[in-house]
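# predicted model and sequence follow; I will ask about them next.
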Amino acid sequence: MNIETTEHIIWIVVGVLATIQLLYTFIVYNAVHRRTIAEKKGKTLVTDKQPGISVVIATADCEELLAKHLPLILEQDYPDFEVIVVDDNSADDTKDLLQRLAHKYPHLYSTFTSDSIRYISHKKLALMLGIKAAKKEWLVFTEPDCYPTSNQWLARMARNFTDDTDVVLGYSNYERKAGFANRCYMFDTLLQQLRLLGLTLNKRGYMGIGRNLAYRREIFFANKGYSRHLDLERGEDDLFISEHVPSNRITADINPQSVVRCASANSYIWQADKLSRLFIRGKMHRMVSHLFALDIPSIILLHIVAIGGIVLSIMQHQWISLAIIAVIWIIGFGSRIYVLHRASRNLDERCYHLSLPLMELLYPCWEIYFRLRLAFSSKRAHLRRKV
């Protein structure tokens, strides 16, 4: 194979990989910015109705987090809501805290799980108890380590409770902290959320994440709750919605006032969440849930082939070939960075500036690591535990 043929093959490969990235970038990742512009122009379908909302939280040994976060939820500027906290046999003073708060906030209710339960996911059980105790039409879910960044959180979510909607997704990410590791956790979550929200805004929604999620109470009972996956520790949000709600009945709110932050940002929690999400995604049957199977390989191959082509062109003094490969690479890689930066600003997320290209280069590396780790790990870690 002569040098000219090799150059043409490299051009084609780099062009195809860059095109794949541009499709992901502008169709999915850019959906948040498109929705932001549409909202500013008043072109989004919203409602002025404010139906009753039941906020459901399952907790276990999170007294300190609840003490900080529950008041932010209980003091939402919304006319008709209740907050139901289900205590999963906490060993700390969660019970006393909930009793004290209930005196100040009459719309706070609490219950607890039985310690005799042995063969079911305790989180699913706690959520089921909370849902059965709920009295309102819409259920909103979050977690004890999470808090809304605005007192308009419920009001913003409720704007999407139209007759054509059964599920509303909100943006969530970790709390901003100093350090490179925190940047990695937040960037990874940002990409995950942009994919999920982007597909949802393109009428291809397929799941939800229980840190910031709302759906109609009737959906839970019409589909027998979590009965299909009681053997799994997780799946109460993503699998449930994936199996029971059509894509065209799922929408998202991307306003900064509906953002939820999670205070527990550390390596253990991030890794456990990553592995759990990857495992659950493998259980999903919707094709759209596997849409990003080409995203990571195409990023890796684009960088490898482009860099290899540039090195080869320099060695062969093929300056035109060098320019063509560099331009295609810059367009594909640069467009992605630009769109991610803009979407981050739309969500009032941290700005990465010069570190964004580095995050983009590191992202495929840790994705490969987690997928290999999942492939060679025991699946028992994701099944219900017999205690």
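Sure, I can see it.

# contacts, neighbours, all on C-alpha from now
Fine.

# which stretches of the stretch 251-387 of the chain aren't confidently modelled?
Along the stretch 251-387 of the chain, the parts satisfying pLDDT under 70 run over 286-287, 289-290, 292-293, 379-387.

# ok, now with 90
264-322, 324-326, 329-330, 332-334, 336-337, 350-368, 370-387 (pLDDT under 90).

# mind listing the helices for it?
Applying DSSP state H, counting those that start in this stretch to the stretch 251-387 of the chain gives helices spanning 267-281, 295-316, 319-346, 355-375.

# show me the domain layout of the protein.
Taking automatic domain parsing as the reference, the chain has its domains at 3-28+292-374, 44-285.

# can I get these in JSON lines with distance to residue 36 and mean neighbour count?
Shown next, in JSON lines, are those (distance: least, Cα to Cα, whole Å; neighbours: other Cα atoms under 10 Å):
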{"stretch": "domain 3-28+292-374", "distance to residue 36": "7", "mean neighbour count": "17"}
{"stretch": "domain 44-285", "distance to residue 36": "7", "mean neighbour count": "19"}
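
# dump the ones you listed to CSV, plus distance to residue 35.
CSV is the format used below for these (distance: least, Cα to Cα, whole Å):
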stretch, distance to residue 35
domain 3-28+292-374, 10
domain 44-285, 8
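
# break down the chain into its strands, ranges please.
Using DSSP state E, the strands of the chain run over residues 53-59, 81-87, 108-112, 138-141, 146-148, 167-170, 172-174, 213-216, 250-253, 260-262.

# rank the ones you listed by pLDDT, which is bottom?
Here the lowest mean pLDDT among the strands of the chain goes to strand 108-112, at a mean of 90.

# residues making contact with that strand?
Strand 108-112 has contacts (Cα atoms under 8 Å, 6 or more residues apart in numbering) with 74, 82-89, 98, 101-102, 126, 129-130.

# any idea how far that strand is from the middle of the chain?
Chain-centre distance of strand 108-112: 27 Å, with Cα atoms, centre = their mean, to the nearest Å.

# could you check the angle that strand makes with strand 81-87?
Put simply, strand 108-112 runs at 20 degrees to strand 81-87, going by axes from the mean of the first three to the mean of the last three Cα atoms, to 10 degrees.

# related to what we said a few turns ago, how about the strands of the chain, which one is nearest residue 192?
For residue 192, the closest of those is strand 172-174, at 9.7 Å, according to Cα to Cα.

# can you list the strands that the closest one pairs with?
Its sheet considered, strand 172-174 pairs with strand 260-262 (parallel) by DSSP bridges.

# residues in contact with the closest residue to residue 305 other than its chain neighbours?
The shortest distance from residue 305 to any non-neighbouring residue, by Cα to Cα, 6 or more residues apart in numbering, is to residue 14 (6.5 Å). Residues in contact with residue 14 (Cα under 8 Å, 6+ apart) are 302, 305-306, 325, 328-329.

# in a markdown table: the helices of the stretch 251-387 of the chain, plus distance to residue 154.
Output for those, formatted as a markdown table (distance: least, Cα to Cα, whole Å):
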| stretch | distance to residue 154 |
| --- | --- |
| helix 267-281 | 25 |
| helix 295-316 | 34 |
| helix 319-346 | 19 |
| helix 355-375 | 32 |
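
# of these, which approaches residue 51 most closely?
Shortest distance between residue 51 and these, using Cα to Cα, is found for helix 319-346: 27.3 Å.

# helix 355-375 and the closest one, what's the angle between them?
Going by the same axes, to 10 degrees, helix 319-346 is angled at 90 degrees with respect to helix 355-375.

# and the angle from helix 319-346 to helix 295-316?
Relative orientation of helix 319-346 versus helix 295-316 (the same axes, to 10 degrees): 150 degrees.

# packing partners of helix 319-346?
Judged by 3 or more Cα pairs under 8 Å, 6 or more residues apart in numbering; DSSP states H and E, helix 319-346 is in contact with helix 3-23, helix 31-40, helix 295-316, helix 355-375.

# can we see that at 7 Å?
helix 3-23, helix 31-40, helix 295-316 (3 or more Cα pairs under 7 Å, 6 or more residues apart in numbering; DSSP states H and E).

# buried set for the shortest one?
Of the residues in helix 31-40, those buried under the neighbour-count criterion (16 or more other Cα atoms under 10 Å) are 31-36.

# can I get these in TSV with distance to residue 216 and pLDDT?
Listed next are these as TSV, based on distance: Cα to Cα, whole Å; pLDDT from 0 to 100:
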residue	distance to residue 216	pLDDT
31	25	95
32	24	95
33	27	95
34	27	95
35	23	95
36	25	94
